[in-house]
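Chemist: fold the following, please.
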Amino acid sequence: MGTNGKMSGKQKMKVILFAVETVIILGMLAALYMVMNKASEGPKIAKLDPQTLEIHEEVQQLTQEGGTMQGYMNIALFGLDAEKESELYKNSRSDVIMIASINLDTGDIKLVSVYRDTYLFLGPFQGHDEYYWKCNSAYFNGGAEQAVKMLNMNLDMDITDFVAVSYKGLRDVIDGLGGIYVDVDEVELLHINNYQIGIAHALKCDYVPVSEPGYQLLDGMQAAAYCRIRQTKGDDFKRTARQREVLRAIEERAKETDLATLTKVFNDCIGNIYTSLDSGDILDLLANIANYRITEEAGFPDESLRATGNIGAKGDCVIPKSLEENVKWLHQFLFGDENYSVTDKVKEYDKRIEEDTSKYLRK
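Modeler: Below is the predicted model:
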């Protein structure tokens, strides 16, 4: 837990158990770009040192007894465009970035997608003291540790754990669960099979076309393609909503599935996972998955507090109109903190983001 101090045995069990759900509901990982070599030893483990993760001092205080962040576990979820095993660790862009915030007392989970093109503070690294760019570049340049730092620095978070997965696991997880139920509308139907063609080519396999709109059972290929759709109204904002929709659908199926099947699904996909969480404890606690539920989900920056613009060489970006107001909104959404005051560092980043982007904002 790092900054949250010592946990009780009950809380530790809950934290580890959530890792099971995180791994099983791999629908968070939007696409299947390439086939990865599967390892048999289990997930790749990386322990992060909380002292290096840029958790602001003021935030650390909020995680202590009586603080608004006390009693929560926040995990970073990354979906990578990795083509080979080495790219699980670096040189992959995290096209899916989510924060899963777990209330350890109630089991309620809130999901927040951080839009991959959001213009944020990424450094210092790569020889720059102040490095501002699209946030999905953090993983590419500095791996999971830098991506977690990016979230902590910009959002006043206390994240010390992560799960990163390549796209290969999505199809197998969903097929292992017997498919998931998704409502496909007529506009989405125009695109879902085109995306299946691309995924089938990457995986060198066949696919079954989706023939009609409506609420229906999708297999792994179809669900992966559904997650990829972005040529509709809402663009990438809508695509992240589809990713969260698939995540919830997999959660529902997992809770209807027996322990033996869940264990097999977990074992079949662990080779494509890079995480700070231990798989042994995960498997021991798999039977308690029903104790957790996704209750709310959203995207960052908030719709009322974001804009878009082409920032020269940095390309099209999602721009927080006010990073400070967005972080206040985030802490209210996740922790019910109606009167949150951001750290001085966030105010510093906010000022720089405004200076860099104000003249590029689309009206």
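Chemist: average pLDDT for stretch 172-192?
Modeler: Mean pLDDT, computed over stretch 172-192, is 92.
Chemist: in that stretch, what counts as buried?
Modeler: 172-177, 179-180, 182, 184, 188-189, 191-192 (16 or more other CB atoms under 10 Å). Quick note: C-beta positions are derived from backbone N, CA and C, even for glycine.
Chemist: ok, now which ones touch residue 103?
Modeler: 71-72, 109 (CB atoms under 8 Å, 6 or more residues apart in numbering).
Chemist: quick one, helices of the chain?
Modeler: For the chain, the helices defined by DSSP state H cover 9-24, 57-62, 137-155, 169-176, 186-203, 220-228, 235-255, 259-269, 279-284, 323-335, 344-357.
Chemist: from residue 124, how far out is the spatially most central residue of the chain?
Modeler: Nearest residue to the geometric centre of the chain (CA atoms, centre = their mean): residue 98, 2.4 Å. As judged by CB to CB, to the nearest Å, residue 98 and residue 124 stand 25 Å apart.
Chemist: on that earlier part again, test my guess that the residue nearest to the centre of the chain contacts residue 109.
Modeler: No: contact status for residue 98 versus residue 109: not in contact, 10.8 Å apart, counting by CB atoms under 8 Å.
Chemist: out of the helices of the chain, the one nearest residue 303 is which?
Modeler: helix 235-255 (7.6 Å; CB to CB).
Chemist: may I see the ChimeraX selection of the buried members of the contacts of residue 103?
Modeler: The ChimeraX command for the buried members of these (criterion: 16+ other CB under 10 Å) is given here:
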select :71,72,109
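Chemist: which ones among the contacts of residue 103 are found in strands?
Modeler: Judged by DSSP state E, these include 72, 109 as members of strands.
Chemist: which residue in the contacts of residue 103 has the weakest pLDDT?
Modeler: Of all the contacts of residue 103, residue 109 has the smallest pLDDT value, namely 89.
Chemist: quick one: contacts for the nearest residue to it once chain neighbours are set aside?
Modeler: Closest residue to residue 109 apart from its sequence neighbours, by CB to CB, 6 or more residues apart in numbering: residue 294 at 4.8 Å. Contacts for residue 294 (CB under 8 Å, 6+ apart) come out as 109-111, 247-248, 251.
Chemist: just flag the most distant two among these.
Modeler: Across the contacts of residue 294 (CB to CB), the longest gap, 13.1 Å, separates 110 and 251.
Chemist: what's in contact with stretch 317-332?
Modeler: If you take CB under 8 Å, 6+ apart as the criterion, stretch 317-332 is touched by 68-69, 112, 115, 117-120, 134, 154-156, 236, 300-302, 305-311, 337-338, 340-342, 346-347, 349-350, 353-354, 357, 360-361.
Chemist: put the buried members of those residues into a ChimeraX selection.
Modeler: To isolate the buried members of the contacts of stretch 317-332 in ChimeraX, using 16+ other CB under 10 Å:
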select :68,69,112,115,117,118,119,120,134,154,155,156,236,300,301,302,305,306,307,308,309,311,337,340,342,346,349,350,353,354,357,360
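Chemist: low-confidence stretches in this structure?
Modeler: Within the chain, the stretches with pLDDT under 70 are 1-43, 81-87, 126, 167-168, 278-289, 363.
Chemist: what's the domain layout of it?
Modeler: Domain ranges of the chain: 2-167+295-360, 170-258, per automatic domain parsing.
Chemist: what's the span of the last one, first residue to last?
Modeler: One end of domain 170-258 sits 19 Å from the other (CA to CA, to the nearest Å).
Chemist: residues near the closest residue to residue 70 other than its chain neighbours, how many?
Modeler: In space, and not counting its chain neighbours, residue 70 is closest to residue 63: 5.6 Å by CB to CB, 6+ apart. By other CB atoms under 10 Å, 20 other residues sit near residue 63.
Chemist: so residue 63 sits against residue 69, correct?
Modeler: Yes: using CB under 8 Å, residue 63 makes contact with residue 69 at a distance of 4.7 Å.
Chemist: what is in contact with those two at once?
Modeler: Common neighbours of residue 63 and residue 69 (CB under 8 Å, 6+ apart) are residue 158.
Chemist: skipping adjacent residues, who's closest to residue 177 in space?
Modeler: That would be residue 253: by CB to CB, 6+ apart, it lies 4.4 Å from residue 177.
Chemist: perfect, that will be all.
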